[in-house]
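Student: Here is my input, please return the structure:
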Amino acid sequence: MKIKFLAITYMLCITLLGSYACSNDGFSIGEEFYLRIGESASIRGEDLQVRFLDVTEDSRCPKGVTCIWEGRVSCLVEITYRESLESVLLTEPGSNDFPTEQSFHEYRLTYHIEPYPQAGSEIAEEEYQLHLKMSK
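Tutor: As a prediction, the model looks like this:
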């Protein structure tokens, strides 16, 4: 029942807010949030908005498989900062148990891309989530 409620809530957010994340007033600096492909969010009190465009690579070694390379996952985001639009590639190594960090102007982006691949199954585009925290 809880899963059905969450699914309905999510669909209502998508329907009502279009491509924006399920928050009308955005997120605070240092607050973790997540986006699915096509969603965007603004950071309260900052001239900053981020949009998750695409997963450009996912070569991570699936769980349950032995690989000679751990692989990596990369996603493309658009960040609007002070009315300037910039494309940023976020890359996370496979088998990483800790969030990855990257700088963007005076901000620190801490992120993690889910789900992690499983042996024998493909990840559908709509399943990807970018967990993101923007700090100063």
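Student: Bridged to the closest residue to Asp54 other than its chain neighbours, which residues?
Tutor: Once flanking residues are discounted, Asp54 sits nearest to Leu76: 5.0 Å by C-beta to C-beta, 6 or more residues apart in numbering. For the C-beta atoms, the positions are set from N, CA and C on the backbone; glycine is no exception. In this entry, Leu76 is beta-bridged to Asp54, Leu89, by DSSP bridges.
Student: Run a quick neighbour tally on Leu76.
Tutor: 16 (other C-beta atoms under 10 Å).
Student: and it, what is it in contact with?
Tutor: By C-beta atoms under 8 Å, 6 or more residues apart in numbering, the residues touching Leu76 are 53-56, 87-90.
Student: go with 6 Å
Tutor: Contact analysis of Leu76 by C-beta atoms under 6 Å, 6 or more residues apart in numbering lists 53-54, 56, 89.
Student: Which members of those residues are classed as buried?
Tutor: Those of the contacts of Leu76 that meet the buried threshold are Leu53, by 16 or more other C-beta atoms under 10 Å.
Student: mind putting the contacts of Leu76 in TSV, distance to Phe104 and pLDDT included?
Tutor: Formatted as TSV, the contacts of Leu76 follow (distance: C-beta to C-beta, whole Å; pLDDT from 0 to 100):
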residue	distance to Phe104	pLDDT
Leu53	15	98
Asp54	18	97
Thr56	17	97
Leu89	11	98
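Student: could you dump the contacts of Leu76 to a markdown table with distance to Glu83?
Tutor: Putting those into a markdown table (distance: C-beta to C-beta, whole Å) gives the following:
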| residue | distance to Glu83 |
| --- | --- |
| Leu53 | 19 |
| Asp54 | 23 |
| Thr56 | 26 |
| Leu89 | 22 |
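Student: re earlier: mind checking how far the residue nearest to Asp54 is from Arg108?
Tutor: 19 Å (C-beta to C-beta, to the nearest Å).
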